[in-house]
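Asks: Provide a 3D model corresponding to the input given below.
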Amino acid sequence: MLANTAPPRSQRAFVILNPVAGQGAAAAVRQALAEAFSKRGAAAGEGAEAPYTIYETAPGEAIPKLVRETAKQGGYDLIVAGGGDGTVSAVANGLVGLETPLGILPLGTANVLARELGIPIDLEGACQLLAGAHAVTAIDAMKVKDQCYFTQVGVGIDSMMIRDTPREAKRRFGRVAYLWTAFTRLIGFQPRHFLIESDGRSVRSRASQVVVANCGILGQPPFRWGPDIHLDDGRVDVCIVRARSLWNYITLAWHVILGQHKQDSNVRYLSADQRVVITTKRPLPVQADGEIIGETPVEVTVVPRTLRVIVPPHNGTEIPLPFSPLGTD
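Replies: Here you go, the predicted model:
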């Protein structure tokens, strides 16, 4: 992952908080932010001179529009998304192509993007990263229609799992709720017919899962969709899972644990640096960044290094960050 300067520290942050996110109550977030920003010698709180402003979202709100307007008005050094992967994706959409970086407070169930970027998953650690020294990196995006997504676009078992897991179950049981739903959907599931077009190359396959991966984490480390999947390499990797039986899934899981994905005959990989189109005989739900966004067919366009994100500081040569013009006015 390529990143530029750790200092200087951010001066003001606009925090967009999803009050119903899985793991973080609004009061806990406020307290953690206050403690983290006070440690750097700034007076925490809200008001004209405060180092941050907290904005709680409402259902159905146009978050990307709010974010873009706030960033363009100036006065904030970073925009922070406090919530799960869906909230992070919505806030990130408003920052695509802009210089203002995204900060992440991972409050959801999976927190895939935060884990991939090495951002602390605990609330206190994430707040301290925002208030203290940090680096900024640029990552790729996947555009579907007029929206961008940053982790994976999936069709198959994962999209059914996300569609059919109730919000209350996610809040009460976390990842276990997803695993239980996935298990119930696997029982009796028959692979579907897919047509996958990757940069003009067409592949037909019966599969239980097709994932367009911009980042590799499969729920939680060390499980990954495949090797050498990176957020900043200007391409996406298409993982086609053709497992049909319980034994197929057991051997696949074993290869995933060992990092030997490509040695499993039930997995096939394609890559694209421009476009991926997934078509099915019958419409299937499509998930992106952990949210259902529609049904097949779905077209995914690669947008290289178009979003700046706050990450932990690390050693390395400072580099310029080129940006895609997507989203600029």
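Asks: okay, Arg163: pLDDT?
Replies: Arg163 carries a pLDDT value of 79.
Asks: and the longest strand along the chain, what does it pack against?
Replies: If you go by DSSP state E, the chain has its longest strand at strand 298-311. Helices and strands touching strand 298-311, by 3 or more CB pairs under 8 Å, 6 or more residues apart in numbering; DSSP states H and E, are helix 85-95, strand 102-106, strand 135-144, strand 147-149, strand 152-156, strand 275-280. C-beta here means a position set from N, CA and C on the backbone, and glycine is covered the same way.
Asks: how far does the first one sit from its chain's centre?
Replies: Okay, so that is helix 85-95. How far helix 85-95 lies from its chain's middle: 8 Å, per CA atoms, centre = their mean, to the nearest Å.
Asks: buried residues in it, which are they?
Replies: In terms of neighbour count (16 or more other CB atoms under 10 Å), helix 85-95 has its buried residues at 85-95.
Asks: any idea of the mean pLDDT in the longest strand of the chain?
Replies: 96.
Asks: between it and strand 152-156, how big is the angle?
Replies: Here strand 298-311 runs at 140 degrees with respect to strand 152-156, directions being taken by axes from the mean of the first three to the mean of the last three CA atoms, to 10 degrees.
Asks: how far is strand 298-311 from where the chain is centred?
Replies: Centre to centre, stretch against its chain (CA atoms, centre = their mean), the figure for strand 298-311 is 10 Å.
Asks: for stretch 53-66, same thing?
Replies: Distance, centroid of stretch 53-66 to centroid of chain: 18 Å (CA atoms, centre = their mean).
Asks: same question for stretch 195-214.
Replies: With CA atoms, centre = their mean, you get 20 Å for stretch 195-214.
Asks: before we move on, the earlier item: now do the longest strand of the chain against strand 102-106, angle only.
Replies: Using the same axes, to 10 degrees, the direction of strand 298-311 lies 90 degrees away from that of strand 102-106.
Asks: in strand 298-311, what counts as buried?
Replies: Neighbour-count burial for strand 298-311 flags 298, 300-311 (criterion: 16+ other CB under 10 Å).
Asks: between the helices and strands packed on strand 298-311, which one is closest to Arg68.
Replies: Ranking those by proximity to Arg68 (CB to CB) places helix 85-95 first, at 4.2 Å.
Asks: where does the prediction get shaky in the stretch 101-250 of the chain?
Replies: Within the stretch 101-250 of the chain, the ranges that satisfy pLDDT under 70 run 164-189, 219-223, 243-250.
Asks: which residues in it form helices?
Replies: 112-117, 123-131, 157-164, 167-173, 175-186, 246-258 (DSSP state H, counting those that start in this stretch).
Asks: tell me how far the ends of stretch 274-294 are from each other?
Replies: 21 Å (CA to CA, to the nearest Å).
Asks: quick check: buried residues in it?
Replies: 276-280, 284-291, 293.
Asks: considering these, which is situated nearest to Ala131?
Replies: Nearest to Ala131 among the buried residues of stretch 274-294, with distances taken as CB to CB, is Asp289, at 25.9 Å.
Asks: thinking the closest one is in contact with Tyr149, fair?
Replies: Yes. Between Asp289 and Tyr149 there is a contact at 4.7 Å, judged by CB atoms under 8 Å.
Asks: what sits in contact with each of these two?
Replies: Contact criterion CB atoms under 8 Å, 6 or more residues apart in numbering; residues shared by Asp289 and Tyr149: Ser89.
Asks: ok, now which ones touch the nearest residue to Leu66 once chain neighbours are set aside?
Replies: Leaving aside its sequence neighbours, Leu66 sits nearest to Gly94 (CB to CB, 6 or more residues apart in numbering; 6.9 Å). By CB under 8 Å, 6+ apart, the contact set of Gly94 is 63-68, 70-71, 79.
Asks: likewise for Pro101?
Replies: Taking CB under 8 Å, 6+ apart, we find Pro101 in contact with 77-79, 95, 136, 308-310.
Asks: Cys127 touches Ala36, doesn't it?
Replies: Yes. Taking contacts as CB under 8 Å, Cys127 lies within contact range of Ala36: 3.7 Å.
Asks: settle it for me: which of these two has more neighbours?
Replies: Taking neighbours as other CB atoms under 10 Å, Cys127 and Ala36 compare with Cys127 leading, 27 against 23.
Asks: backbone phi and psi for the residue nearest to Arg235 when sequence neighbours are not counted, please?
Replies: Nearest in space to Arg235, with sequence neighbours left out and distances taken as CB to CB, 6+ apart, is Asp273 at 4.2 Å. Backbone torsions of Asp273, given as degrees, to the nearest 10, read phi -110, psi 10.
Asks: what's around the closest residue to Ile119 other than its chain neighbours, how many residues?
Replies: Nearest non-adjacent residue to Ile119, counting by CB to CB, 6+ apart: Ile104, 5.4 Å away. Per other CB under 10 Å, the neighbour tally for Ile104 reads 26.
Asks: right, and Ile104 touches Val80 too?
Replies: Yes. Look at Ile104 against Val80 with CB under 8 Å: they come within range, at 7.2 Å.
Asks: tell me how this protein divides into domains.
Replies: Here the domain parsing of the chain from automatic domain parsing is 3-139+305-311, 149-304.
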